[in-house]
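Participant: Give me coordinates for this.
(2 chains, ligands or ions: 5)
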Amino acid sequence: MSGLLKLKTAAELRQIYLRHEMFPTIFCDGCGLGNVLNYTLWALDELQLDLDRTVFVSGIGCSSRLSGYVNADGMHTTHGRALAFASGIKAAQPDLNVIVFTGDGDGSGIGGNHLLHTIRRNMDLTVILVNNFTYGMTGGQVAPTTPIDSFSTTTPYGNIEYPLDICALAQTLGAPYVARWMINQPYPPIKSIAQGIQKRGFALIEMLVPCPTAYGRRNGLKQLETIWQWYRDHTILIDDYEHIMHFGSPEERAALHDKIKIGVFQDYERESFEERWATLVEQVKL
Amino acid sequence: MHVIELNEHWCKGCRVCVFHCPTKSLRIASRFTMRGIHPPELVEAERCNGCRLCELLCPDFAITVMEAVSVNA
Ligand SMILES: Cc1ncc(C[n+]2csc(CCOP(=O)(O)OP(=O)(O)O)c2C)c(N)n1
Ligand code: SF4
Ligand code: SF4
Ligand code: SF4
Ligand SMILES: [Mg+2]
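Facilitator: Ligands and ions are numbered 1, 2, ... in the order given. Below is the predicted model:
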């Protein structure tokens, strides 16, 4: 991939990649889900990926609605099961590009076990997991990712549980590509999604997305400007984080406690399920 | 000089473009679109530096930044 991105205009992107009859999107004002769609399409365009050889798969939730807007084949499946359907597509047609849109609830709550085992198998999928700290579509229940002490419809006195670090889990399970981004800066996630698509094996890109309606409203982040700014104030690039941990003063280190790390956490080569499967078939065939 | 093109069917008037513009060249118009929202407008065309941040950050693919071309140069 070239170092310098030359992005098409939004008008050109609309024309090439979107199902116009589905617009405007169902997303609330100031919801960042549309940005995830934007960035994915810019990444596709950067790679000049053939839309006729690309399938979008999703589960259920606001984030899982994303697949329906792309003018390519796709499956809007059942809650938590996007990865099972995606694995099936990949096993039957390994030459297709399969991109999964899922939510924190869909992908790491009800679908958490699928996430575990799809990474373990190293299926060649690109999974774009939207973490908005909540079950947005159903009105804002607590999710496995909801920050400690925050409020939701099911934690009216504050959440006492520790949130799941989805990227740390994926790293531990050996996913070849693991990254997390906020949506406030377009270029890093666009480049990262393109890297994830090119990676053979499982690529997980977690996108931190503002949900002013279901999460923000209950946590002092109802104003759009405030919730978008929150992500700038509460994220730190992994390199900066490590630098401060090594060389920072005690105060600088203490200031990291409420920061979420962003960046590429893991990027290495590992044979994918499809490759090992093809080798096995070659070995045992009569 | 730059101009913006707005898809008024898709714009939600969310202001994400307005509050991210580094040169503060956009504002929300007082007029309504046919969808009943206040769209953004470019008030400081001279000041806009064509960075396209508004375009890249719009969640709804609604705004496009273009270089203004003079017809009688
Ligand atoms: C089997 C099943 N259980 C529960 C639901 C209700 N439900 C729909 S969306 C959703 C949560 C989605 O959360 P997330 O994946 O984080 O998506 P978001 O809306 O936040 O983007 C739930 C619990 C369902 N549709 N199916
Ligand atoms: S409820 Fe939240 S995640 Fe769903 S569309 Fe609205 S802002 Fe976006
Ligand atoms: S152009 Fe986009 S970002 Fe700006 S107000 Fe309209 S929908 Fe929001
Ligand atoms: S191109 Fe840049 S400077 Fe011009 S209106 Fe958009 S964000 Fe502002
Ligand atoms: Mg969610």
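Participant: Residue A:278 - that's part of a helix, no?
Facilitator: Yes - the assignment for residue A:278 is a helix, going by DSSP: H, G, I helix; E, B strand; the rest coil.
Participant: how far away is it from residue A:11?
Facilitator: 42 Å (C-beta to C-beta, to the nearest Å). C-betas here are computed from N, CA, C, even on glycine.
Participant: Comparing the two, which residue is more hemmed in?
Facilitator: Using other C-beta atoms under 10 Å in any protein chain shown, the more surrounded residue of residue A:278 and residue A:11 is residue A:11, with 16 against 12.
Participant: So for the strand or helix carrying that one, what gets flagged as buried?
Facilitator: Here residue A:11, judged by DSSP states H and E, is contained in helix A:10-17. Residues A:10, A:11, A:13, A:14, A:17 are the ones in helix A:10-17 that count as buried (16 or more other C-beta atoms under 10 Å in any protein chain shown).
Participant: That one vs chain B: in contact?
Facilitator: Yes - Helix A:10-17 reaches chain B (C-beta under 8 Å from any C-beta of the partner chain) through A:10, A:11, A:13, A:14.
Participant: Let me know whether the lengthiest helix in chain A sits next to ligand 1.
Facilitator: If you go by DSSP state H, chain A has its longest helix at helix A:33-47. No - against ligand 1, helix A:33-47 shows no contacts by C-beta under 6 Å from any ligand atom, the least distance being 7.0 Å.
Participant: next SSE after that helix?
Facilitator: Assigned by DSSP H and E, the successor of helix A:33-47 is strand A:54-58.
Participant: now the angle between helix A:33-47 and that following strand, please.
Facilitator: Per axes from the mean of the first three to the mean of the last three C-alpha atoms, to 10 degrees, the angle that strand A:54-58 makes with helix A:33-47 is 160 degrees.
Participant: Could I get the average pLDDT for strand A:54-58?
Facilitator: Averaged over strand A:54-58, pLDDT sits at 98.
Participant: who's in contact with it?
Facilitator: A:44, A:64-68, A:70, A:72-77, A:82, A:85-86, A:89, A:96-102, A:106 (C-beta atoms under 8 Å, 6 or more residues apart in numbering or on different chains).
Participant: And the residue of chain B that's closest to ligand 5?
Facilitator: residue B:59 (15.8 Å; C-beta to the ion).
Participant: Contacts only, for that residue.
Facilitator: A:25, A:27, A:30-35, A:37-38, B:12, B:14, B:16.
Participant: Can stretch A:137-150 be said to contact ligand 5?
Facilitator: No - judged by C-beta under 5 Å from the ion, stretch A:137-150 stays clear of ligand 5, getting no closer than 5.7 Å.
Participant: At which residues are the strands of the chain located?
Facilitator: Because you didn't say which chain, this covers chain A. With DSSP state E as the criterion, chain A has strands at A:54-58, A:73-76, A:97-103, A:126-131, A:177-182, A:203-208, A:235-237, A:260-267.
Participant: actually chain B
Facilitator: Using DSSP E, strands in chain B cover B:2-6, B:26-28, B:40-42, B:63-67.
Participant: can you list these in TSV and add mean pLDDT and mean neighbour count?
Facilitator: Shown next, in TSV, are the strands of chain B (pLDDT from 0 to 100; neighbours: other C-beta atoms under 10 Å in any protein chain shown):
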stretch	mean pLDDT	mean neighbour count
strand B:2-6	96	16
strand B:26-28	97	17
strand B:40-42	97	19
strand B:63-67	95	18
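Participant: Quick one, which of those gets closest to residue A:118.
Facilitator: For residue A:118, the closest of the strands of chain B is strand B:63-67, at 36.9 Å, according to C-beta to C-beta.
Participant: Who are the packing partners of the closest one?
Facilitator: helix A:10-17, strand B:2-6, helix B:53-57 (3 or more C-beta pairs under 8 Å, 6 or more residues apart in numbering or on different chains; DSSP states H and E).
Participant: Could you tell me the angle between the second one and helix A:10-17?
Facilitator: To tie it back to what came earlier, the one meant is strand B:2-6. Going by the same axes, to 10 degrees, strand B:2-6 makes 40 degrees with helix A:10-17.
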